Structures are given as structure tokens and as C-alpha cells.
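Colleague: When you get a sec, could you give me coordinates for this:
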Amino acid sequence: MRLVQLSRDSLHFPPPEMALREPNGLLAMGGDLSPARLINAYQHGIFPWFSPGDPILWWSPDPRAVLMPDAFHLSRSMARFHRRSPYRVTMNHAFAQVLEGCATGRQEGTWITFEVKRAWLRLYELGHAHSIEVWHKNSLVGGMYGLALGQMFCGESMFSRQENASKTALWVFSQHFRAHQGRLIDCQVLNPHTASLGATEIPRADYLQELKKLAWQPVAEGCWQTQTLF
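Modeller: Presented below is the predicted three-dimensional model:
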């Protein structure tokens, strides 16, 4: 299989099954980060990830990391922390700040460039992207953002500046999402942090089947409105 070069004149993606095995999931390169292309990509199980200075790369790994909201693993220590949590959790109060938090402070660098931030801000303005913010007093100390697709939420990135802040964001959001008929949170690629919180890997074929069903099923009214969650 070869890497497909995308045209800016078409939103078409090759089937995810054409993705390379090494590196796992690399499917295509090029195109742009327009809202229409990004939404089309996520609707077909594809997402962008690339290093600064490189062309846009599009991925659909096999297996795929997912978290079922009712399968979130709340450890005893985290449960104790949450009962006395000093944090306040909101939704869609500070999308740009969450983007910036995810883009900065990483030792390994970031792929969230100015171009990527601009693209996600546009998705937020159009009502497709959402953020969860964790506050300590009046300071943003953690959060996450991603794309809503019906009863799925495609988690893109999270950050934490204080103890358990990103865990709090995902835990509170999982409860909220489940209460509004959300069924699946896409975590893209499994890592130790998400695995410790209950994320698992499923075959890409199974993920694509779930995507076909859930992406077109609405969540309950009020799920994505600007609000305080905790």
C-alpha cells in the first residue's frame, strides 16, 4: 500500500483499510484543515496528526482506543479526591484557553500549531467542537477538547497543571455525556494515562461499525450548551 496524496479540491479520503501498518494507521497526506474536511475525516474514522513543518498527515490506526462512559475507572484514591475536590468544571467557557493549555507545557513538543488552533477554533465557532475546563478558584488548571459526532465524542487532547485536573475533566465529562445518551469517547491511540482511566483497544473494523451507528444518533437536549458541570 502507498500513502495517498490528497487534493485541496476534493474532500474525498481513501478507505481507512488502506492505511499503512507501519507506521500504524498512516493513511494520507496533504489537503487542508477546513471545517468540512475535518468533519468528513472524523465521520470516517480518520484524524490529522503531524509535526510542525511537516505536511498534514491523516491517520486511522488499528486497533483504536475508546472509552465507554460507563466504563470509566475511578480509582479509590481518585474517588476520595473527587469527594473533596477543590475544582470547578465547566463546558465551553474557555475553548481557546484549553487549546492553548494543550499546546503548551509539553516536554515532547506539540503538534497544535497556529494552523491547527485556528482550525479547531473555527469548529468551535460552528458548534462542532467543545471544551471541558477545570478551574481552581479563577485559574484554569486543566481541561480537554474534541469533536462531537452524535452519540460519540472524539477526544483530541487534554492537559493538567495541578493534581488530577485532567482526570477530573474526563471523569466529570464521562458522567455528563452518559447522562445525555453519549455512548463512546474516541481516544485515538491508547496511552498509559487513558488506559488507567478505563480506555481499551478495539479493532478498527469494530470502531468503524460503531461510528456508522452512533455518529448519526442525537444526544439528549442540552448536552453541549455552555454550562457548569461540577
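
Colleague: Going by residue numbers, what spans are helices in this structure?
Modeller: For the chain, the helices defined by DSSP state H cover 35-43, 76-83, 95-103, 114-125, 165-179, 192-196, 204-214.

Colleague: With respect to Pro61, which of those helices lies nearest?
Modeller: helix 204-214 (7.0 Å; CB to CB). C-beta coordinates here come from the backbone N, C-alpha and C atoms, glycine included.

Colleague: Helix 35-43 and that closest one, what's the angle between them?
Modeller: Interaxial angle of helix 204-214 relative to helix 35-43 (axes from the mean of the first three to the mean of the last three CA atoms, to 10 degrees): 120 degrees.

Colleague: Just confirm Gly31 contacts Val4, I think it does.
Modeller: No. Gly31 lies out of contact with Val4 (CB atoms under 8 Å); the separation is 10.0 Å.

Colleague: More neighbours: which of those two?
Modeller: Between Gly31 and Val4, Gly31 has the larger neighbour count (other CB atoms under 10 Å), namely 23 against 19.

Colleague: how about Ala165, what does it touch?
Modeller: For Ala165, the contact set (CB atoms under 8 Å, 6 or more residues apart in numbering) comprises 87, 134, 136, 141-143, 159.

Colleague: Sorry, wrong one. I was asking about Trp120.
Modeller: So Trp120 contacts 95, 99, 129, 145, 156 (CB under 8 Å, 6+ apart).

Colleague: make it 10 Å
Modeller: 33, 35, 38, 95-96, 98-99, 102, 112, 128-129, 131, 145-147, 156-157 (CB atoms under 10 Å, 6 or more residues apart in numbering).

Colleague: ok, of those residues, which come out buried?
Modeller: The neighbour-count criterion (16 or more other CB atoms under 10 Å) marks 33, 38, 95, 98-99, 102, 112, 128-129, 131, 145-147, 156-157 among the contacts of Trp120 as buried.

Colleague: for those, which one is nearest Leu74?
Modeller: Nearest member of the buried ones among the contacts of Trp120 to Leu74, counting by CB to CB, is Gly146, at 20.5 Å.

Colleague: Tell me where the model's unsure across this protein.
Modeller: Residue ranges of the chain with pLDDT under 70: 1, 105-109.

Colleague: tell me the centre residue of it?
Modeller: The centre of the chain sits closest to Gly155, judged by CA atoms, centre = their mean, with a distance of 1.4 Å.

Colleague: pretty sure it is touching Asn191, no?
Modeller: No. Counting by CB atoms under 10 Å, Gly155 does not reach Asn191; the two are 11.7 Å apart.

Colleague: Now do the shared contacts for these two.
Modeller: In contact with both Gly155 and Asn191: 65, 199, using CB under 10 Å, 6+ apart.

Colleague: which ones are touching the closest residue to Leu149 other than its chain neighbours?
Modeller: In space, and not counting its chain neighbours, Leu149 is closest to Ala215: 4.3 Å by CB to CB, 6 or more residues apart in numbering. By CB under 10 Å, 6+ apart, the contact list for Ala215 reads 42-45, 148-152, 154, 184.
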